[in-house]
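J.: Here is my input, please return the structure:
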Amino acid sequence: MWLQFTNGSTWAATAPWVQRTVYVALLFFGAWLVHLLSGRLAHMLAHSGRRPERREVVAGVLSDLISVLAVVVASILALASAESIQADDVIWVVGLLSAGFGLAARPLISDYFSGMSFIFGDRFSVGEKLGFPGLPGGEVEGVVERVNLTNLHIRAHSGELFIIPTGEVRVIRNFSRGLYSMANVKLRVASVDLERTLAALDAFRDEAVVRIENLIEPWEVISETGEIGDDTVLTLVIKARFARAATLRPRILAFLQRRLAEANIALVD
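T.: So this is what the prediction gives:
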């Protein structure tokens, strides 16, 4: 159906170059609309069967992927609309552009593929604390705020925002997942009290598990250096519930101080 303009002319009578220009403009306008809606579409696709934190990761990557695909499709259709260009020519042009783009933008392509891998691998989620060793500027630690196809937004403890290209990520230290956290404690005791100290620590270690919250199992007593003199250092290997080591350690220290004082065992300064 032809469009009728106010001056009586029709769309079919419009100059071909005007038609192609309007067609290309509409293609890229459509791609722009898809880009605006990509976040909502991505959240719809990532909604089912995932944890809320995991959905944020998948949605962030899918949003960028939808936007990129929209631009690529619009560009190919725009090339195909030119009458002087045949289908075979379009394939050749796309191939040449892809090769040139691949050579010139290799880091960007690496970021895209790394970002896509976050969809299939459950390596981390938004809100988790991560560490990234091996980065050019040194290791970065912080909480994941946002993930998209090309970079990760990491908020450091100091408040700084680190934007890390996904292609740079090779090793990830995830501090938010694990079975336990270590809350080791060191005691310095006089060597003459060593035997009594070991006996006391063994005597009330089972009581500590009952009385102290977040202590998983009785501690083990070791000597890391194997040295002895006027005094010696003992290490209590303590397993806390995951991410509870910092709050458990003061309670362990208070418990040890009270029980050792009751046993008349003095710690060395």
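J.: isn't residue 214 right up against residue 248?
T.: Yes. Using CB atoms under 8 Å, residue 214 is in contact with residue 248, at 4.8 Å. Quick note: C-beta positions are derived from backbone N, CA and C, even for glycine.
J.: Spit out the residues that contact those two alike.
T.: 240-241 (CB atoms under 8 Å, 6 or more residues apart in numbering).
J.: the more surrounded of these two?
T.: residue 248 (21 against 18; other CB atoms under 10 Å).
J.: The more buried one: what's its closest spatial neighbour, skipping adjacent residues?
T.: Nearest residue to residue 248, sequence neighbours excluded (CB to CB, 6 or more residues apart in numbering): residue 240, at 4.3 Å.
J.: and what of residue 253?
T.: Nearest residue to residue 253, sequence neighbours excluded (CB to CB, 6+ apart): residue 185, at 6.5 Å.
J.: Counting neighbours, what do you get for the one you found?
T.: The number of residues near residue 185, taken as other CB under 10 Å, comes to 15.
J.: okay, and for the stretch 51-200 of the chain, where does confidence drop off?
T.: Along the stretch 51-200 of the chain, segments meeting pLDDT under 70 span 51-57, 79-113, 115-116, 118-120.
J.: quick one: the strands in it?
T.: In the stretch 51-200 of the chain, the segments counted as strands under DSSP state E, counting those that start in this stretch are 129-132, 140-147, 151-155, 161-165, 173-174, 180-182, 185-190.
J.: and among those, the most buried is which?
T.: Across the strands of the stretch 51-200 of the chain, averaging neighbours per residue (mean count of other CB atoms under 10 Å) puts strand 151-155 on top, at a mean of 21.
J.: contact partners of it?
T.: Under CB under 8 Å, 6+ apart, the answer for strand 151-155 is 111, 130, 132, 140-147, 161-166, 169.
J.: next one: stretch 225-233
T.: Contacts of stretch 225-233 (CB under 8 Å, 6+ apart): 186-191, 194, 223-224, 268.
J.: can I get those residues in a markdown table with distance to residue 259?
T.: As requested, these are exported to a markdown table (distance: CB to CB, whole Å):
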| residue | distance to residue 259 |
| --- | --- |
| 186 | 16 |
| 187 | 12 |
| 188 | 16 |
| 189 | 13 |
| 190 | 17 |
| 191 | 20 |
| 194 | 16 |
| 223 | 20 |
| 224 | 22 |
| 268 | 17 |
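J.: that older thread, quick one: residues contacting the residue nearest to residue 253.
T.: Counting by CB under 8 Å, 6+ apart, residue 185 has contacts 235-236, 238, 249, 252-253, 256.
J.: separation between the residue positioned nearest the centre of the chain and residue 154?
T.: Using CA atoms, centre = their mean, the residue of the chain that lies closest to the mean C-alpha position is residue 124, 4.7 Å off. Distance, residue 124 to residue 154, using CB to CB, to the nearest Å: 10 Å.
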